[in-house]
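A.B. asks: Here is my input, please return the structure:
(2 chains)
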2 protein chains.
Amino acid sequence: MDGEYKEFFRKNGGLTPAIVQEESTKDVLMLAYMNEESFNLTLSTGYTHFFSRSRNGLWKKGETSGHLQKVKKIFIDCDQDTILVIVEQAGVACHTGNKTCFFTEVTRFTY
Amino acid sequence: MDGEYKEFFRKNGGLTPAIVQEESTKDVLMLAYMNEESFNLTLSTGYTHFFSRSRNGLWKKGETSGHLQKVKKIFIDCDQDTILVIVEQAGVACHTGNKTCFFTEVTRFTY
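C.D. replies: Coordinates of the predicted model:
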């Protein structure tokens, strides 16, 4: 890649939230962060790559678990600070073994 | 509310990304940020409220446009740093008039 998205990441302080949604079910699977390098790797390989803030490094989703995410489409939002990646998920997305990372419902509604 | 989610927001530096998904279509509509106050307002009123980083203040989605988001369910992810809000969207979610903020597709796939 030729730095086409450099300005996008620069504007966002280098790191942008990326929502991952499953193509077939439209389930929201997870949210992780991308920097320019992980975004370009995602584009060039066709599999999601992210930047871990806690480990301060790149990671390929599923590299150890085999739960790879094959990229089908990528969207950027209207104010260009969030990425939406539509994927085909191998196995489950969550390291807990759940299909999606969003399995904990907040039940305490007061209305 | 009684500060039940205080630790959740403290751990996340006060501000947490909130993905908004439409219940009926499962479209991902937008991503915005919530602090503890906007989260509690969302819970207590049943309509999404966010915290604007650029305007440094609370906002109720649709307050001026009428495009309110009625909350149906809320999930927190496995590592407790992201919120997923399932809503019934009045009108469109995006200020551009598009249904969703994610209408710009990144087409430059190289694989």
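
A.B. asks: in what helix or strand does residue A:41 lie?
C.D. replies: Element membership for residue A:41, per DSSP states H and E: helix A:36-45.

A.B. asks: For chain A, which segments count as helices?
C.D. replies: A:6-11, A:36-45 (DSSP state H).

A.B. asks: how about stretch A:63-76: buried residues?
C.D. replies: Going by neighbour count (16 or more other Cβ atoms under 10 Å in any protein chain shown), the buried part of stretch A:63-76 is A:67, A:68, A:69, A:71, A:74, A:75, A:76. Using the backbone N, CA and C atoms, a C-beta is placed for each residue, glycine as well.

A.B. asks: and of these, the nearest to residue A:11?
C.D. replies: residue A:76 (11.5 Å; Cβ to Cβ).

A.B. asks: Show me the shaky parts of chain A.
C.D. replies: A:1-3, A:108-111 (pLDDT under 70).

A.B. asks: which parts of it sit against chain B?
C.D. replies: Within chain A, the positions adjacent to chain B are A:1, A:4, A:17, A:19, A:21, A:25-28, A:30-31, A:43-46, A:71, A:73-79, A:82, A:84, A:94-96, A:98, A:101-106, A:108-111 by Cβ under 8 Å from any Cβ of the partner chain.

A.B. asks: Show me what the helix holding residue A:41 is packed against.
C.D. replies: helix A:6-11, strand A:49-52, strand A:57-60, strand A:69-76 (3 or more Cβ pairs under 8 Å, 6 or more residues apart in numbering or on different chains; DSSP states H and E).

A.B. asks: and these as a markdown table, adding distance to residue B:51?
C.D. replies: Formatted as a markdown table, the helices and strands packed on helix A:36-45 follow (distance: least, Cβ to Cβ, whole Å):
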| stretch | distance to residue B:51 |
| --- | --- |
| helix A:6-11 | 20 |
| strand A:49-52 | 24 |
| strand A:57-60 | 29 |
| strand A:69-76 | 22 |
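
A.B. asks: nearest to residue B:35, of the ones you listed?
C.D. replies: Closest approach to residue B:35 among the helices and strands packed on helix A:36-45 is made by helix A:6-11 (22.4 Å; Cβ to Cβ).

A.B. asks: what's the spacing between that closest one and its chain's center?
C.D. replies: A distance of 17 Å separates the centroid of the chain from that of helix A:6-11, by Cα atoms, centre = their mean, to the nearest Å.

A.B. asks: Give the buried residues for it.
C.D. replies: Here helix A:6-11 shows A:8, A:9 as buried, counting by 16+ other Cβ under 10 Å.

A.B. asks: what's that helix in contact with?
C.D. replies: A:15, A:16, A:35, A:36, A:39, A:76, A:80, A:81 (Cβ atoms under 8 Å, 6 or more residues apart in numbering or on different chains).

A.B. asks: Great, nothing more from me.
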